[in-house]
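Undergrad: requesting a structural model of the entry that follows:
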Amino acid sequence: MSLLVVGSVALDTVETPFGRAADALGGSAVYFGASASLFHPVQMVGVVGGDYPIERLDFLAERDVDLAGLACVEGESFRWSGAYDFDLNTAVTRETRLGVFSDFRPRIPESFRDAEWVFLGNIDPELQMDVLDQVGAPRFVACDTMNFWIESKKEELVRLLGRVDALLINDAEIRALTGDHNLVRAARWVQERGPEVVVVKKGEHGAMLFTSEMIFFAPGYPLEELFDPTGAGDSFAGGFLGYLAQVDSTDPEELRRAMIYGSAMGSFAVERFSVDRLVDLTTSEIQSRVASFREMTAFEHAWPAGAHA
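TA: Predicted structure coming up:
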């Protein structure tokens with residue numbers, strides 16, 4: 001029951017009102033792997049340059065993340081620099097240097113090709129489809145995307161939707177993709193093109209799950225301190241897919257639980273810069289936070305005595 005992630009491996013320089021981190025570990029595959037590996041073994045595919053401090057990924061290998069698919073080639077690693085203001089919802093990009101990532105062509109190792117669970121990070125949709133051409137018959141494929149691909153390769157992205165089981169996307173992106181401001185209609189538009197499962201991430205306001213059978217809402221976790229939201233979405237995805245792979249199920253109740261585990265992992269990720277909080281996170285801390293989610297949302301329903309029907 002292997003879990004494969006294909007995405008970026010980067011070095012981020014991030015500045016928020018609460019501090020700054022330079023050349024910090026980043027990228028969709030790193031955040032996803034750091035999160036998902038707390039639930040299930042992970043296989044990672046990505047690329048770095050010769051300047052990448054590969055030893056800083058040792059914590060992933062110690063957590064049963066197989067890095068055999070991480071290529072190290074001559075050149076500069078993918079680097080991103082950005083800043084957030086006090087609302088921490090939108091990053092202002094200061095610099096993007098793609099380096100070796102600009103020529104990234106995922107090559108899935110033979111030992112990874114029977115993966116049952118696949119997460120396609122927000123790379124070019126043509127590359128995402130190329131990954132699917134290289135794997136066997138995954139049980140569940142989820143993908144992410146971003147505005148750049150929606151604007152530049154919408155046709156290819158729509159073709160990809162016909163080959164995946166789930167789309168994880170934020171509220172601004174799904175509105176741009178579908179041209180519909182209403183999230184319920186926008187999710188239906190996506191489902192009509194392939195994915196049975198649509199997850200709409202709304203940042204600090206939580207996330208919504210849409211299937212043909214239900215709509216479910218997972219709230220954002222109220223934090224007193226929040227430092228860096230950069231990897232929250234990929235950490236959410238890691239918790240979501242990692243939990244599903246752990247229980248080996250996509251039944252409706254498990255999808256609902258996966259939403260809570262995803263939200264919990266996203267909330268941990270933002271507590272420090274980069275993946276620092278995920279590095280020392282424990283299973284007991286995850287379970288405690290999930291219990292807090294349950295307490296926040298559980299209530300007993302009773303029709304008020306004397307109320308008119």
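
Undergrad: mind checking how far residue 90 is from residue 172?
TA: Distance from residue 90 to residue 172, counting by Cβ to Cβ, to the nearest Å: 9 Å. Any C-beta I mention is one placed from the backbone N, CA and C, and that applies to glycine too.

Undergrad: more neighbours: the two, which one.
TA: residue 172 (17 against 11; other Cβ atoms under 10 Å).

Undergrad: any idea how far the more buried one is from residue 204?
TA: 14 Å.

Undergrad: ok, now residue 139?
TA: Using Cβ to Cβ, we find residue 139 at a distance of 32 Å from residue 204.

Undergrad: those two: which is more packed in?
TA: Legend: neighbour count by other Cβ under 10 Å for residue 139 and residue 204, higher for residue 204 (18 against 14).

Undergrad: residue 95 versus the closest residue to residue 219 other than its chain neighbours, what's the distance?
TA: Of all residues not flanking residue 219 in the chain, residue 206 sits nearest, at 4.3 Å (Cβ to Cβ, 6 or more residues apart in numbering). Distance of residue 206 to residue 95, given as Cβ to Cβ: 31 Å.

Undergrad: more neighbours, these two?
TA: residue 206 (16 against 9).

Undergrad: on that earlier part again, got the contact list for the residue nearest to residue 219?
TA: Counting by Cβ atoms under 8 Å, 6 or more residues apart in numbering, residue 206 touches 217, 218, 219, 220, 263.

Undergrad: low-confidence regions, this protein specifically.
TA: Within the chain, the stretches with pLDDT under 70 are 306-309.

Undergrad: please enumerate the strands of it.
TA: For the chain, applying DSSP state E gives strands covering 3-6, 10-16, 19-26, 42-49, 65-73, 78-84, 91-97, 117-120, 140-144, 166-170, 197-201, 207-210, 215-218.

Undergrad: to residue 275, which of those lies closest?
TA: Smallest distance to residue 275 across the strands of the chain (Cβ to Cβ): 5.3 Å, for strand 19-26.

Undergrad: packing partners of the closest one?
TA: Under the contact criterion of 3 or more Cβ pairs under 8 Å, 6 or more residues apart in numbering; DSSP states H and E, strand 19-26 touches strand 10-16.

Undergrad: the strand it packs on pairs with which strands, parallel or anti?
TA: Strand pairing for strand 10-16, using DSSP bridges, gives strand 19-26 (antiparallel), strand 78-84 (parallel).

Undergrad: in it, what counts as buried?
TA: The neighbour-count check on strand 10-16 (16 or more other Cβ atoms under 10 Å) flags 10, 11, 12, 13, 14, 15, 16 as buried.

Undergrad: any idea how far it is from the middle of the chain?
TA: For strand 10-16, the separation from the chain centroid amounts to 18 Å (computed by Cα atoms, centre = their mean, to the nearest Å).

Undergrad: quick one: residue 78 and residue 224, what's the gap?
TA: Residue 78 is 33 Å from residue 224, where distance means Cβ to Cβ.
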